[in-house]
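1. Sequence and predicted structure below; questions after.
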Amino acid sequence: MMDWVDFFVKAAMVIGIPLSVIGIYFSVVALFSLKKETRYKSVAPKTKFAIVIAARNEAAVIGHLVDSLLLQKYPKELYKIFVVPNNCTDNTEEVARRHGAEIVHCTVPVKSKGEVLHHTLPKIMDGFDAVCIFDADNIADENFLSEMNNAFCAGAKCAQGFRDSKNPYTNWLSGSYTLYYKMINFIQNRARSNARLSALINGTGFAVSCDLLNKVGGWNTKTLVEDLEFSIHCILAGEKVCWVPAAVTYDEHPVKFVQSVTQRKRWTSGTLHVSSIYISKLFKKFIKTKHFAYLDALLILCLPYVQLISIVLAFFTALPIFINGFSTHNGYIKVLEYVGIPLLMSYGGLVGTGAILSFIKPKMSFGIIKGILGFWFFMATWIPIQIFCTIKRTKTWKQINHTGDTSTQNSTSIRQKEQCSTRKITPIRVE
């Protein structure tokens with residue numbers, strides 16, 4: 001008679017077959033990140049940009065961002081900076097105005113960045129070709145607008161830039177975030193661009209044409225992850241998000257674990273919400289048109305459920321081992337085989353991934369070692385967050401405080417120069 005351990009293991013293997021197929025698909029897509037990075041052909045400045053920054057209690061950092069935008073190597077007459085202070089209890093508005101931004105007020109109550117963009121963009125878009133969106137804690141590379149102009153002149157309608165870090169060496173957590181976003185940049189957006197698939201908007205440092213905004217009926221996101229949701233809006237409208245790796249934005253990452261959990265709960269809850277709304281719409285589009293872009297986006301939205309099912313399978317596989325496995329010598333071997341070895345491989349794999357990412361251009365200094373050693377824990381903590389948010393979703397946006405520590409700016413300036421001097425990129429055009 002088959003023992004419980006073998007039964008659960010074999011059942012998990014059968015259920016896991018479609019999950020493995022999805023995993024293989026994303027692994028194949030990830031391999032495209034190994035191809036040489038591409039860059040849009042440099043052209044004369046033409047695109048007129050409205051730069052929009054939604055800011056809530058960001059007096060400590062908003063000035064740095066506005067200053068970096070005013071220092072763009074792009075004609076001043078071709079862009080304007082708009083700051084939208086909302087729900088502020090500090091002097092964000094005063095600081096932004098003093099540094100040279102134009103202030104736009106929300107005339108209705110707003111609870112999230114998506115709601116700010118929904119109500120504000122119609123007031124701003126007129127007279128501009130495209131809108132650039134930044135978070136208040138960002139710093140923009142001096143060539144950001146020039147690189148976005150190259151992409152839009154080549155035919156892009158929506159474009160995501162390279163999201164880098166302002167504070168990669170502060171502690172293990174900010175270092176882990178830095179490596180996580182490197183993974184997003186390379187394994188997700190670079191790979192998908194090389195595979196001629198749509199990249200995904202990644203929260204900040206992106207641009208969208210006013211024509212596309214009008215085509216999709218404006219910024220009408222309903223979830224806490226407006227970036228992913230708007231990416232799906234673009235795909236459903238027949239447009240892809242283009243990847244512009246030379247348009248670099250530097251982001252301040254959390255340095256406190258409680259803040260990190262709060263932020264990632266919002267991301268996870270929002271992603272589950274997006275999946276629940278748009279999986280069926282993408283499936284219907286794919287069945288009707290047979291266009292692979294819809295299937296690809298559908299599989300992306302299936303990932304939270306794939307992860308959840310994988311967690312459940314792992315639990316039910318491990319449970320009988322721990323209940324019955326220690327009674328015999330063979331039980332100890334099974335515990336090691338089914339639990340111990342996979343955990344050690346996961347730990348080593350994540351630490352190794354972090355180390356590899358730290359050597360990918362732009363290379364990190366030795367200070368990233370804290371992030372590399374903590375990367376496995378950072379990634380492992382997504383599991384309880386995923387389980388918690390499946391049971392009880394976060395429904396409100398909570399502020400992540402930014403310090404505006406000027407000591408990070410020196411390292412940012414150095415890394416900007418290093419990145420510009422070391423990247424050798426082949427010209428391409430949007431198809």
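-> Yep, it's here.
2. where exactly do the strands run in this structure?
-> Using DSSP state E, the strands assigned to the chain run over residues 38-40, 49-55, 79-85, 102-103, 130-135, 139-140, 158-165, 206-209, 242-251, 426-428.
3. Could you double-check that Gln259 lies in contact with His402?
-> No: counting by CB atoms under 8 Å, Gln259 does not reach His402; the two are 10.1 Å apart. Quick note: C-beta positions are derived from backbone N, CA and C, even for glycine.
4. Which one's more surrounded, the two?
-> Between Gln259 and His402, counted using other CB atoms under 10 Å, His402 has the larger neighbour count: 23 against 16.
5. Quick check: closest non-adjacent residue to that one.
-> Setting aside the residues directly before and after it, His402 is nearest to Asp137 in space (CB to CB, 6 or more residues apart in numbering), at 4.2 Å.
6. pretty sure the one you found contacts Asp251?
-> Yes: using CB under 8 Å, Asp137 is in contact with Asp251, at 6.6 Å.
7. Tell me which of these two has more neighbours.
-> Shown here are Asp137 and Asp251; by other CB under 10 Å, Asp137 has more neighbours (25 against 22).
8. give me phi/psi at the more buried one?
-> Dihedral angles of Asp137 (phi, psi; degrees, to the nearest 10) stand at phi -90, psi 0.
9. Okay, buried residues for stretch 278-296 please.
-> For stretch 278-296, burial by neighbour count (16 or more other CB atoms under 10 Å) applies to 278-279, 282, 285-286, 293-296.
10. Pick the one among those residues closest to Ile15.
-> The shortest approach to Ile15 among the buried residues of stretch 278-296 belongs to Ile279, at 19.3 Å (CB to CB).
11. what's the distance between that closest one and Glu226?
-> Separation of Ile279 from Glu226 (CB to CB, to the nearest Å): 18 Å.
12. ok, now Val66?
-> Val66 is 22 Å from Glu226, by CB to CB.
13. Likewise for Tyr180?
-> For Tyr180, the distance to Glu226 - CB to CB - is 19 Å.
14. With neighbour numbers in mind, choose between the two.
-> Glu226 (25 against 20).
15. how about that one, what does it touch?
-> Taking CB atoms under 8 Å, 6 or more residues apart in numbering, we find Glu226 in contact with 112-114, 117, 219.
16. Touching, Gly114 and Thr223? I think so.
-> Yes: look at Gly114 against Thr223 with CB under 8 Å: they come within range, at 7.3 Å.
17. low pLDDT regions in the stretch 1-150 of the chain?
-> Scanning the stretch 1-150 of the chain for pLDDT under 70 picks out the ranges 1-9.
18. one more time with 50
-> Filtered on pLDDT under 50, the stretch 1-150 of the chain yields the residue ranges 1.
19. Could you dump the strands of the chain into CSV with distance to Ile383 added?
-> Listed next are the strands of the chain as CSV, based on distance: least, CB to CB, whole Å:
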stretch, distance to Ile383
strand 38-40, 35
strand 49-55, 31
strand 79-85, 36
strand 102-103, 43
strand 130-135, 27
strand 139-140, 33
strand 158-165, 24
strand 206-209, 29
strand 242-251, 24
strand 426-428, 38
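20. Between those, which one is closest to Gly367.
-> Of all the strands of the chain, strand 158-165 comes closest under CB to CB, at 11.4 Å.
21. Could you check the angle that closest one makes with strand 130-135?
-> Calculated by axes from the mean of the first three to the mean of the last three CA atoms, to 10 degrees, strand 158-165 forms an angle of 30 degrees with strand 130-135.
22. Show me what strand 158-165 packs onto, helices and strands only.
-> Using 3 or more CB pairs under 8 Å, 6 or more residues apart in numbering; DSSP states H and E, the elements in contact with strand 158-165 are helix 144-153, helix 172-183, strand 206-209, strand 242-251.
23. What is the neighbour count of Phe82?
-> 19.
24. ok, back up a step: for the buried residues of stretch 278-296, give me a markdown table that also has pLDDT and distance to Ala11.
-> Output for the buried residues of stretch 278-296, formatted as a markdown table (pLDDT from 0 to 100; distance: CB to CB, whole Å):
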| residue | pLDDT | distance to Ala11 |
| --- | --- | --- |
| Tyr278 | 97 | 31 |
| Ile279 | 96 | 25 |
| Leu282 | 97 | 30 |
| Lys285 | 96 | 34 |
| Phe286 | 96 | 30 |
| Ala293 | 93 | 35 |
| Tyr294 | 96 | 32 |
| Leu295 | 96 | 28 |
| Asp296 | 95 | 30 |
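25. before we move on, back to that, got any residues that touch both of Gly114 and Thr223?
-> What both Gly114 and Thr223 touch, as defined by CB under 8 Å, 6+ apart, is the set Glu229.
26. Determine which of the strands of the chain approaches Ile187 most closely.
-> strand 242-251 (12.2 Å).
27. The closest one pairs with which strands, and in what direction?
-> Next to strand 242-251 in the sheet, as set by DSSP bridges, lie strand 139-140 (antiparallel), strand 158-165 (parallel).
28. could I get the ones you listed as a markdown table with distance to Ile232 and mean neighbour count?
-> A markdown table is the format used below for the strands paired with strand 242-251 (distance: least, CB to CB, whole Å; neighbours: other CB atoms under 10 Å):
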| stretch | distance to Ile232 | mean neighbour count |
| --- | --- | --- |
| strand 139-140 | 26 | 26 |
| strand 158-165 | 12 | 27 |
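29. In a markdown table: those, plus distance to Phe32.
-> Shown next, in a markdown table, are the strands paired with strand 242-251 (distance: least, CB to CB, whole Å):
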| stretch | distance to Phe32 |
| --- | --- |
| strand 139-140 | 27 |
| strand 158-165 | 16 |
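30. how about those, which one is nearest Thr47?
-> In terms of CB to CB, the element of the strands paired with strand 242-251 nearest to Thr47 is strand 158-165, at 10.6 Å.
31. ok and that closest one relative to helix 172-183, angle-wise?
-> Interaxial angle of strand 158-165 relative to helix 172-183 (the same axes, to 10 degrees): 150 degrees.
32. that older thread, please identify which pair of the buried residues of stretch 278-296 lies farthest apart.
-> By the measure CB to CB, Ile279 and Ala293 form the most distant pair in these, at 14.7 Å.
33. Would you point out which residue is most central in the chain?
-> Centroid check for the chain by CA atoms, centre = their mean gives Asn202 as the closest residue, at 3.6 Å.
34. Thank you, goodbye.
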